[in-house]
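Visitor: only geometry, no sequence info:
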C-alpha cells in the first residue's frame, strides 16, 4: 500500500532512455484512439462488461497477503517495459568477497562542521505559522472497501495513476496488483485491457496465459482484454487464431508491422506473411455460446487496420476487402485504417504517349473505386484513417461515405487544400474531429470556410512537419507556396473545443498576425474552447520575433486563459471544528535580489568585501588619489545596467499604460486551460530533441541549486 501511494505521489517520473527510443515507434501507438474511447458512441457496448464489473472491492478483501504465488506471479511480468532497479553496492566493481572470510568492517568517520565555523551561516529554527497535521485530532477515515464504490471506478483510478507520467506505466500496475488482494483485480484489468508486449519473450508469455483455461489461472484474463495490437515480428502468429477466438470482449484488433511506422521510407518492401484464412475463420466462428446449444457467436470487432503489405492469399487484392467487410465480425466496424495503399502510377515510369497516360489514369481510378466500394460496405463507420497512401486523393475524397465523425489523414501527400475544402462542403456537417498530420501538399487554405463547412467540429489537430521520402535527399519541404495569404481570414466554428496547429511555416508576418487576430476576433463565439496551441516558424530578425512573440502571448493569455482560482481550504476529512486555519502574515518578507547572470561564481573574501562595501569605500578613500578596480569584478557592467534601467523605466511605464488601454478593448473568453503560442525560427526536423534527451539517467537528480549566501569562502591559493 505504501509503495502504491508513493507511486501516485511521484507520478511525474521521466521515462528511461529505452522508453524514449520506443516512444517514436508504432508500439506505443500514441496517435491511435485508445480502446476505451471506441465505445462511447456505441450503445450496444454498454452491456458488454464483465460479470463483476459492477462489483466493489469488498469481495476481494479476503486477506492482505501478497498475491504473487506460483506461475501466475511469474506471468505478471510479461508487459513490464523497464527492468526493476537493483540496489547498488558500494566498493570496487567486479571485486567479490570471499565466502569463508568475512569482509573487514572499516570505521567511517563523518566530517561534521562546527557550529561556529567561519563562512557557514548559522541555521535559525523555523517558526511555524500554522497548526501541524499531527496536532489536530484524527477524524473519520474513509472506507476504501465501501460497496458504493463500483469496480469500474477502481479500474479508472488505477489507469489514471498509471498514466500520470504521460504513458501507461505497466510495471507500476504490476506492483499495484501485487500489493494486496483488494487491488489485484482492478490493477490487472487496467494492465490487460490492452496488453502491449515489447519483446518476443513477453509476447510468448502472453500467449501462454491466454491458451490456458480459466481453471488454471488465478483470475479470468480473457474477459478483460478489449484490444490487441499484434506485431507480426514479435508474436507467434501461428497460434493466434484459436487464442483470438477465445477473447469474448475483443473489440479492437490491430495487426501491424514496423515497416509501416514513421518515417515511412520503406513503403516498397514486401512481407512474406499474409492474412491467413484461419484468422478470419476464428473471428467468424468466435466463442461457444452457452445460451444456444451447439451454436457459436462471432466476435464483433469495432476497429480494424488494413496494410497493403499483408494482402495476398485469402485477401488477394483490394477488391477482396469488400468481401471481408461483409462478414459478421467486420460488418459493425466503427473505425477502419488503411496503411500504405498506393496507386499503380507510383511504381510506374512517366508515360511517354497519351495512350500510356490514359491507361495509367484508368488503373489508378480502378484501385480508388475498389477501395471506396470496400469502405461503403461498412454502414456503422464513424472513424476513417488513411496513412501513407496515395489512394487518398481528390477522387477518393469525393467517394467517401456521409456521416463520418472523425477523419484522420497522415502522410498523404496527394491531398490538397482545395480538395479537402470541396470534401468538407459536402461531408463536413457531421464531422466532429479532424486530424491532419504530415500531409506535404496540404496548406491552411481550407480554414477560411471552416465555420460554414463544419458547424459541429469539436477538435482540429494539424501538424505541418513532413517526412523525407529518401534517406540521402532532403525532400521534406512543403509542396505549396504559402500556408496562408494575408488576405485569407479564417472562420472558426463555435463548437470548437480544441485547436492545435503545429510547425506552421511558409507564410509572412502579416499572414501570421491575421491568423492570430482571427482567433481574438472570434473569441466571443468560441465558448467551448478549452485548448489552444499554435506553433509557427517565422524567419525574421530576432528582435522583431521576440516582440511579436511577447505581444501575442500576452494578448492570447488575456483573451483565452482561464483565471486562476485558489482551491477550497477544505482539504481534510477531519472535523471542521478541530482544524485551525493557518495564520497568514500581513507583510511577507521581500525576496532577496538574485545575483546578476554575468557575475563570477567564485570570489575571494577580499574581492567580495570590496564589491559589497561600495558606499563605505567612496566615503573613506582619500582625495586626489586614483582608485583602482579589481580586475575580477563586474562593477562597470552593473553600473551600465543600472543606468540603462533608470533611463528605460519611464518608457516602460508609458508602454505599460498603452498596453492596459488596449487590453481593455479586447474580448475576454477566459475558459481555456491551455494557451500556448510559440513563435521561433527553429528548423523543423523529423526528430525534435528536448531537455529529456540530454540527461544521464531519468531518475538521477542534478543536486541542490547553488545559493550564493551559503557558499563557503575559500582563501587558499590555487597554486
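Guide: Ah, there it is. Only a predicted model underlies this, so the values are computations on that prediction, with no experimental measurement involved.

Visitor: C-alpha from now on. contacts and neighbour counts both.
Guide: OK.

Visitor: Could you give the number of residues near residue 172?
Guide: Neighbours of residue 172 under the rule other C-alpha atoms under 10 Å: 22.

Visitor: Could you tell me how many residues sit around the residue lying closest to it once chain neighbours are set aside?
Guide: Spatially, and ignoring its direct neighbours in sequence, residue 172 is nearest to residue 162 (6.7 Å; C-alpha to C-alpha, 6 or more residues apart in numbering). When neighbours are defined as other C-alpha under 10 Å, residue 162 has 24 of them.

Visitor: likewise the one 3 residues further on?
Guide: By the other C-alpha under 10 Å criterion, the neighbourhood of residue 165 contains 16 residues.

Visitor: repeat for residue 336
Guide: For residue 336, the neighbour count with other C-alpha under 10 Å is 21.

Visitor: so who does it touch?
Guide: 303, 304, 305, 306, 381, 383, 384, 385 (C-alpha atoms under 8 Å, 6 or more residues apart in numbering).

Visitor: Pass me the low-pLDDT residue ranges in the protein, would you?
Guide: For the chain, the stretches with pLDDT under 70 are 1-141, 286-296, 569-664, 695-719.

Visitor: Got the domain ranges for it?
Guide: What automatic domain parsing lists as the domains of the chain is 1-10+48-80+141-225, 227-401, 435-564+664-685.

Visitor: could the ones you listed be laid out in a markdown table, adding distance to residue 411?
Guide: Listed next are these as a markdown table, based on distance: least, C-alpha to C-alpha, whole Å:
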| stretch | distance to residue 411 |
| --- | --- |
| domain 1-10+48-80+141-225 | 24 |
| domain 227-401 | 5 |
| domain 435-564+664-685 | 5 |
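
Visitor: what's the closest of these to residue 692?
Guide: Closest approach to residue 692 among the domains of the chain is made by domain 1-10+48-80+141-225 (13.2 Å; C-alpha to C-alpha).

Visitor: Which residue is the nearest non-sequential neighbour of residue 305?
Guide: Excluding its sequence neighbours, the residue lying closest to residue 305 (C-alpha to C-alpha, 6+ apart) is residue 337, at 4.5 Å.

Visitor: Report the beta-bridge partners for that neighbour.
Guide: Per DSSP bridges, the residues bridged to residue 337 are residue 305, residue 385.

Visitor: What separation is there between it and residue 385?
Guide: Per C-alpha to C-alpha, to the nearest Å, residue 337 is found 4 Å from residue 385.

Visitor: likewise residue 323?
Guide: Residue 323 is 20 Å from residue 385, where distance means C-alpha to C-alpha.

Visitor: quick one, which of those two is more surrounded?
Guide: residue 385 (17 against 13).

Visitor: Assess the claim that the more buried one and residue 407 are in contact.
Guide: Yes: contact criterion C-alpha atoms under 8 Å: residue 385 and residue 407 qualify, at 6.3 Å.

Visitor: element containing residue 351, please.
Guide: Under the criterion DSSP states H and E, no helix or strand holds residue 351.

Visitor: residue contacts, it?
Guide: Residues near residue 351 by C-alpha under 8 Å, 6+ apart: 357, 360.

Visitor: Number the chain from 823, please
Guide: Okay, residue one is now 823; in that scheme the one you just asked about reads as residue 1173.

Visitor: Next, give phi and psi for it.
Guide: Residue 1173 has phi and psi values of phi -70, psi 140 when expressed as degrees, to the nearest 10.

Visitor: Could you measure from it over to residue 1182?
Guide: 8 Å.
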